[in-house]
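Fold the stuff below for me.
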Amino acid sequence: MAARGRCPECGSESLVEDAHYTQQQLVCAACGCVLSEGLLTTTYTDEEHLREVAYSQSTGQKEQLSRCLQRGIRRVQDLCKVLQLPAAFEETAVSYFQRALQLPAFHLVSLEKKELLGGCCVLVTCRQHRWPLTMGTVCSLLYAKQELFASVFLSLQRELGLSVPALSLADLVTTHLSSFRLVQPTASIPAPFLEDKEKLLARTMAIVELASDTWLVTGRHPVPVVTAAAFLAWQSLRPGPRLSCPLARFCRLAGVELPPPAQLRLRELLEILLAMASQLSWLRGLHLDKKTVVKHIGDLLQHRLFLLKRAFSQQDGQEQQDTGLGMGSGSQGSGPPSSPAVPQQQGCPLAGQQQQRGTLRPLLPPCLIHPRKRLRAAAPSAPGVAVTGDEPISDSEIEQYLRSPEEIRAFRKAKAWS
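Predicted coordinates:
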């Protein structure tokens with residue numbers, strides 16, 4: 001359909017109205033220049049009065065945002081279904097995602113960060129409801145890098161002002177063990193290696209609590225500690241066919257990765273168990289080692305608090321006993337305090353306990369028992385030279401700290417006044 005007017009580009013009068021995807025446009029037939037766009041759609045208010053408006057003022061401008069919102073909501077819902085979360089969790093995560101997309105901080109972020117935003121909303125919801133879910137699990141489902149996911153998670157927490165509690169160690173144990181294939185009967189797992197999930201979880205929790213009481217968890221990544229504790233719990237529940245299974249094979253059978261520090265955490269746990277076993281009277285004559293002590297983990301955990309007090313509270317208790325015995329012998333005048341009379345008696349249980357417990361170390365963090373870097377002793381100062389802080393400062397030393405001419409002039413002026 002021809003229209004009147006002239007093209008501003010080429011000056012041609014052959015202008016036609018062209019419907020391009022139902023949008024009316026005035027186009028120059030000679031050069032193809034688009035002179036004006038038609039009125040495509042309407043706003044909700046003008047729709048009631050059948051009035052056409054420009055595209056920039058229409059509801060079509062918000063179409064891209066609505067598609068992004070719908071795609072993100074579907075991603076959040078799919079993630080909740082994969083994790084088998086309750087319906088209330090899904091509603092909360094969707095509401096967080098909708099609130100986040102309305103904030104300017106998430107308008108101009110990359111598409112990758114917008115995809116991770118849904119996973120962050122799910123993680124926040126689970127943490128608030130004390131549902132055992134780790135950041136690593138969400139990252140593995142979204143094929144995301146943990147560093148990038150953590151940055152989006154912190155931004156969401158800051159922008160929405162959310163209070164997100166930290167994941168407790170007990171929740172982490174539950175989450176970590178739920179993915180073990182050893183608690184799920186399959187043809188690829190030998191029958192002697194299968195274990196009841198509740199029994200394994202309870203024994204692992206007890207060993208993790210023991211590790212926490214003995215400074216093996218503080219300041220360390222929890223996954224290697226949980227892996228080592230689960231391995232010992234699994235072996236102790238059925239020691240016969242499982243003692244010969246190493247930690248690496250256990251992780252392969254369970255379908256989890258072997259974290260490198262897990263071997264060190266296992267060694268430290270076994271040292272603690274051996275020290276506790278030395279305090280049980282019916283285990284002292286068995287000559288236990290790091291393999292055979294696993295058979296008695298149930299008894300050791302049953303008397304955990306008593307054995308820890310007996311095995312590792314040596315320093316204060318020994319000093320108190322020595323002090324008390326020394327005072328008693330001094331009052332009787334039967335010798336110096338260093339050689340009390342009570343341990344010399346035959347059949348004295350206190351003397352036997354002190355002899356058996358005298359070589360055990362105090363309960364300290366491993367970083368203090370085996371420090372990686374030893375501090376060098378300071379070089380002794382020259383005899384007779386004591387630093388008091390009142391020593392005079394020479395002029396040449398002061399001039400080393402003066403940099404600008406103004407400071408030099410001020411110093412000379414102050415020196416002339418003095």
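
Test my guess that residue 312 contacts residue 369.
No: counting by CB atoms under 8 Å, residue 312 stays clear of residue 369, with 11.2 Å between them. C-beta: built from backbone N, CA, C; applies to glycine.

ok, those two, which is more surrounded?
Using other CB atoms under 10 Å as the criterion, residue 312 and residue 369 rank with residue 312 on top: 20 against 13.

so who does the nearest residue to the more buried one once chain neighbours are set aside touch?
Excluding the flanking residues, the one nearest residue 312 by CB to CB, 6 or more residues apart in numbering is residue 363, at 3.4 Å. Applying CB atoms under 8 Å, 6 or more residues apart in numbering to residue 363 gives the contacts 214, 215, 308, 312, 313.

try residue 245
Residue 245 sits next to 193, 235, 253 when contact means CB under 8 Å, 6+ apart.

for the residues you listed, which one is nearest residue 82?
Residue 82 lies nearest to residue 253 out of the contacts of residue 245, by CB to CB, at 24.4 Å.

rewinding a little: now the contacts of residue 363 as CSV including pLDDT, secondary structure and distance to residue 177?
Listed next are the contacts of residue 363 as CSV, based on pLDDT from 0 to 100; DSSP: H, G, I helix; E, B strand; the rest coil; distance: CB to CB, whole Å:
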residue, pLDDT, secondary structure, distance to residue 177
214, 88, coil, 21
215, 87, coil, 23
308, 87, helix, 24
312, 78, helix, 28
313, 60, coil, 32
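
from those residues, which two are the most distant?
Top of the distance list for the contacts of residue 363 (CB to CB): 215 and 313, 13.6 Å.

By neighbour count, which of the contacts of residue 245 wins?
residue 235 (22 neighbours).

coming back round to it: any chance of the contacts of residue 245 in a markdown table, with secondary structure and distance to residue 96 too?
A markdown table is the format used below for these (DSSP: H, G, I helix; E, B strand; the rest coil; distance: CB to CB, whole Å):
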| residue | secondary structure | distance to residue 96 |
| --- | --- | --- |
| 193 | helix | 42 |
| 235 | helix | 43 |
| 253 | helix | 38 |
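
Out of those residues, which comes closest to residue 261?
residue 235 (19.1 Å).

residues contacting the closest one?
Counting by CB under 8 Å, 6+ apart, residue 235 makes contact with 242, 243, 245, 294.

who's in contact with residue 115?
Contacts for residue 115 (CB under 8 Å, 6+ apart) come out as 72, 75, 142, 144.

cool, and residue 195?
If you count contacts by CB under 8 Å, 6+ apart, residue 195 has them with 182, 183, 234, 237, 238.

What score does the fourth one have for pLDDT?
Among the per-residue scores, residue 237 holds a pLDDT of 93.

what residues are up against it?
With contact set as CB under 8 Å, 6+ apart, residue 237 has these partners: 195, 199, 200, 203.

now do 10 Å
195, 196, 199, 200, 202, 203, 294, 297, 298 (CB atoms under 10 Å, 6 or more residues apart in numbering).

rewinding a little: inside helices: which ones of the contacts of residue 115?
Counted as lying in helices by DSSP state H, out of the contacts of residue 115, are 72, 75, 142.

what would those residues look like in JSON lines with neighbour count?
Listed next are those as JSON lines, based on neighbours: other CB atoms under 10 Å:
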{"residue": "72", "neighbour count": "20"}
{"residue": "75", "neighbour count": "20"}
{"residue": "142", "neighbour count": "18"}
